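[1] Below are the sequence and a predicted model for it; my questions follow.
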Amino acid sequence: MKKIIPGYLAIALVWFSSHFGGGFASGRQIVAFYLNHHWTSMFMPAVSMLIMGICMYYSMVIAVKFKAYDYSTWSKKLYGGIGFFAVPVYEILVNGVLLLATAVAFATGGTVLSKLFGTSYMMNTFFIAAVIFVFTIYGSELVRRSAVVVSFLLIASMFIIYLPNIIHYFPKILQNIAAIKSGEIAISGPNSSWDALWWGIKYGTLHCCAIGAYIVHAQVCPDKACLKKAITIGIIINSLIMYLSYFGILAFADQGIFKEAVPALFVVMHGVGSSWMTSLISVCIVVGAVSTGVALVYGTTNRLVTFFGRKLDEAGKVSKQRVHSMIASTILVAACWMVAQFGLIPLIGKGYGSMGWVSMVLITIPIILRGLGLWRFTDDLSEDGVYVEKVN
């Protein structure tokens, strides 16, 4: 990967490609966490990505320092003395979010394919599950390579789809903002800037749950300068594409788009552009769903492979790695597929909303305290004689 693309850019694009698919691609997360709340929600995508970026940076610093690239080992370094309690709870939360986020990706892709081809939702999600399974058994290098290619395609496509609509409907966007302020356009959340801030924070902290799936990629970026570049670029890319989606959907706020299961499809069907844009956004959503599933499932597959090989010597671990990867991926993909049968809107509206504050307490705050050097353990000294440093 280093010979083809810098490690810092690879990490940023893995982050984007995996973040894109789990509801963000369809526009459903943008509605649920931002547009259905106070008008000040327009500032919150940047807040959300800043929170996630800070946590990504600190978590990868810890991963590189202790060479803890599976989330079980990493979580023990994060929680130290309270690990006996916090690590099992963390693993439950991470796997819960893995199931939910990957199921959302399945549901997003399945819904879009059903709208396009009239095929069975169940069959569509099964097809997506099969593709994810194939990608996740071949290692982190393939995951990074596919993420890079997918990210460039998705970023270009989002500009092609949303930017013309934002430019064309800019006066209407301003009118809809005014209508939301006045109450003419109804929102589901309280009409409070604090509510908008809370949902923005919840979005950022919720997605911090996926950090356990990203830390394996810190191996290609083993110093702080490289990691800072990765996170800075990641924040910019993710925020920019979220804002394209936000304002593109906002242009149709007066047409009931907030109730659509896939708001992004509504934009291309009723906005500027040719009929081929419907196919383009559909491909983006399905590809995004697969990329999210691949990144998240692989992160947990890596953890299970470590668990399966815990009693083997190094030679045994290497010889059994592919078999263990196939077993782990089969278990995880099957579980996510079953959860996906609940449908897209219930998964995002209820599942995501209830996990954000839990993630804040269990993951976001501890990572920031550890990264700032405000929470240290004597175990830190046993690795190389120094504490985990404060990150400047």
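    Yep, it's here.
[2] Run through this structure and note the low-pLDDT ranges.
    1-3, 22-23, 137-143, 274, 299, 302, 342-354, 378-392 (pLDDT under 70).
[3] biggest helix in it by residues?
    Across the chain, the longest stretch assigned as helix under DSSP state H is helix 83-117.
[4] Could you list every helix and strand that that one packs against?
    On a contact count with 3 or more C-beta pairs under 8 Å, 6 or more residues apart in numbering; DSSP states H and E, helix 83-117 meets helix 7-21, helix 71-79, helix 121-136, helix 276-308, helix 314-340, helix 344-346, helix 353-359. (Glycine included, C-beta is placed from N, CA and C.)
[5] what do you get if the cut-off is 7 Å, keeping everything else the same?
    helix 71-79, helix 121-136, helix 276-308, helix 314-340, helix 344-346, helix 353-359 (3 or more C-beta pairs under 7 Å, 6 or more residues apart in numbering; DSSP states H and E).
[6] can I get the ones you listed in JSON lines with distance to residue 222 and mean neighbour count?
    Below are these laid out as JSON lines (distance: least, C-beta to C-beta, whole Å; neighbours: other C-beta atoms under 10 Å):
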{"stretch": "helix 71-79", "distance to residue 222": "15", "mean neighbour count": "22"}
{"stretch": "helix 121-136", "distance to residue 222": "24", "mean neighbour count": "19"}
{"stretch": "helix 276-308", "distance to residue 222": "18", "mean neighbour count": "24"}
{"stretch": "helix 314-340", "distance to residue 222": "21", "mean neighbour count": "17"}
{"stretch": "helix 344-346", "distance to residue 222": "38", "mean neighbour count": "18"}
{"stretch": "helix 353-359", "distance to residue 222": "27", "mean neighbour count": "18"}
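[7] The ones you listed: which one's closest to residue 26?
    Set against residue 26 and scored by C-beta to C-beta, those come closest in helix 276-308, at 5.7 Å.
[8] can you give me how far the closest one is from the chain middle?
    10 Å (C-alpha atoms, centre = their mean, to the nearest Å).
[9] Helix or strand: which one has residue 45?
    Residue 45 is part of helix 44-66 when elements are defined by DSSP states H and E.
[10] got the CA coordinates for stretch 44-62 in CSV?
    Presented in CSV, the C-alpha positions along stretch 44-62 are these (Å, rounded to 0.1, in the frame of the first residue of the first chain):
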residue,chain,number,x,y,z
MET,A,44,-22.9,19.6,13.8
PRO,A,45,-21.4,17.4,11.1
ALA,A,46,-18.1,19.2,11.6
VAL,A,47,-18.5,18.8,15.4
SER,A,48,-19.2,15.1,15.0
MET,A,49,-16.2,14.4,12.8
LEU,A,50,-13.9,16.5,15.0
ILE,A,51,-14.9,14.3,18.0
MET,A,52,-14.4,11.1,16.0
GLY,A,53,-11.1,12.4,14.6
ILE,A,54,-9.7,13.2,18.0
CYS,A,55,-10.6,9.8,19.3
MET,A,56,-9.3,8.0,16.2
TYR,A,57,-5.9,9.8,16.6
TYR,A,58,-5.5,9.0,20.3
SER,A,59,-6.6,5.4,19.8
MET,A,60,-4.2,4.8,17.0
VAL,A,61,-1.3,6.4,19.0
ILE,A,62,-2.1,3.9,21.8
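[11] all numbers from here: first residue = 45
    In the new count, where the first residue is 45, that last one comes out as stretch 88-106.
[12] thinking again about what came up before, for residue 154, find the nearest of the helices and strands packed on helix 127-161.
    helix 165-180 (3.9 Å).
[13] Please tell me how far the helix or strand following that closest one is from the chain's geometric centre.
    Sequence-wise, the next helix or strand downstream of helix 165-180 (DSSP H and E) is helix 184-212. Its chain's average C-alpha position is 15 Å from that of helix 184-212, according to C-alpha atoms, centre = their mean.
[14] In terms of secondary structure, what does helix 184-212 contact?
    If you count contacts as 3+ C-beta pairs under 7 Å, 6+ apart, helix 184-212 packs onto helix 51-65, helix 165-180, helix 268-294, helix 320-352.
[15] Now those in a markdown table, please, with extra columns for distance to residue 150.
    Listed next are the helices and strands packed on helix 184-212 as a markdown table, based on distance: least, C-beta to C-beta, whole Å:
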| stretch | distance to residue 150 |
| --- | --- |
| helix 51-65 | 10 |
| helix 165-180 | 4 |
| helix 268-294 | 20 |
| helix 320-352 | 7 |
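[16] Good, we can wrap up now.
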